[in-house]
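**Student:** Just need the structure, nothing else, for what follows:
(chains A, B, C and D)
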Number of protein chains: 2
Amino acid sequence: MEHINYKEDTEALARFAKALGHPTRIAILRYLENQSCCFTGDLVEVFPLAQSTISQHLKELKLAGLIQGELKPPKIKYCINHENWETAKALFNSFFEIHVEDNACST
Amino acid sequence: MEHINYKEDTEALARFAKALGHPTRIAILRYLENQSCCFTGDLVEVFPLAQSTISQHLKELKLAGLIQGELKPPKIKYCINHENWETAKALFNSFFEIHVEDNACST
DNA sequence: ATTTTACATCGCAAATATACGATAAGAATT
DNA sequence: AATTCTTATCGTATATTTGCGATGTAAAAT
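**Tutor:** Sure, this is the predicted structure:
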């Protein structure tokens, strides 16, 4: 409830991870990946989920900054937000870079 | 509620991401990182959270396979599970590897 | 045998997430 | 102006998450 103040990097990484923490959202991003970049609401035909549910997942991905929507009336073209994508990538990369010098465990 | 059947990679990535989707858990892992490998329950002194709360976060990290506990009575030594860590790292790496050939958007 | 130490687990409350159908909203078409 | 198409949002139900204090547990120390 209260807010512990973590470093901004930590919070940012957790936010990205949270957005990626649902298989449907991973699948949506992979789909966007395959479509090279763009896409329309045919996600609804690809996934066995209600349109409102898909829309909600897209909203979360957008909120996390991983995708962006561009109005192409009457449709909306969703693309990966490459700037934030790179940010996320870098955060995960450096997070997973662990330098374990041997097994220096204090037994 | 029902289970859409995603590819195992997708589910695995989402599981890891979900476990990383809380700043406290990121911070715990970073702490483990800094301690080279091992650690005891002094997390409770580091974080302004109840012991039961810390224990719960550790449980989730353990469930996700990111850490492991070794009994060193009367304490428990937690370490990063390097095997699964590498698995997660590889999953995130390949996920973020996007090859966008130009901006081949179908406008 | 009792006490202490170090964690885990239980039970609870509040908040958040997930999914759906129904409805709203915006622009284009008729 | 009414209809259609595409997407967002609302309201709701259920499930999961997060946090806490209290209690349980297992081994070590007294």
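**Student:** Which is the succeeding secondary structure element to the helix or strand of chain A with the lowest mean pLDDT?
**Tutor:** One helix or strand of chain A scores below all others by mean pLDDT, DSSP states H and E: strand A:67-72, with a mean of 87. Toward the C-terminal end, the helix or strand that comes next after strand A:67-72 (DSSP states H and E) is strand A:75-80.
**Student:** how about that next one, does it reach DNA strand D?
**Tutor:** Yes. Strand A:75-80 is in contact with DNA strand D by Cβ under 7 Å from any atom of the strand, via A:75-76. Where you see a C-beta, it was placed from the backbone N, CA and C, and this is true even at glycine.
**Student:** Sheet-wise, list the partners of that strand with their directions.
**Tutor:** strand A:67-72 (antiparallel) (DSSP bridges).
**Student:** Near DNA strand C, which residues of chain A are found?
**Tutor:** Along chain A, the residues adjacent to DNA strand C under the rule Cβ under 7 Å from any atom of the strand are A:1, A:18, A:21-22, A:24, A:48-53, A:56-57, A:60, A:73-74.
**Student:** circling back: for the least confident helix or strand of chain A, which positions count as buried?
**Tutor:** A:Ile67 (16 or more other Cβ atoms under 10 Å in any protein chain shown).
**Student:** ChimeraX command to pick out the buried ones of the residues of chain A next to DNA strand C?
**Tutor:** Filtering the residues of chain A next to DNA strand C down to the buried ones (16+ other Cβ under 10 Å) takes a single ChimeraX command:
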select /A:18,21,22,24,49,57,60
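**Student:** which residues touch stretch A:48-62?
**Tutor:** Stretch A:48-62 is contacted from outside by A:19, A:22, A:24-25, A:28-29, A:41, A:43-44, A:47, A:67-69, A:78, B:4, using Cβ atoms under 8 Å, 6 or more residues apart in numbering or on different chains.
**Student:** And for A:Ile76, the neighbour number?
**Tutor:** A:Ile76: 14 surrounding residues under other Cβ atoms under 10 Å in any protein chain shown.
**Student:** partner residues bridging it?
**Tutor:** Residues in beta-bridge contact with A:Ile76 (DSSP bridges): A:Leu71.
**Student:** Pretty sure A:Thr40 is one of the things it touches, is it not?
**Tutor:** Yes. Using Cβ atoms under 8 Å, A:Ile76 makes contact with A:Thr40 at a distance of 7.2 Å.
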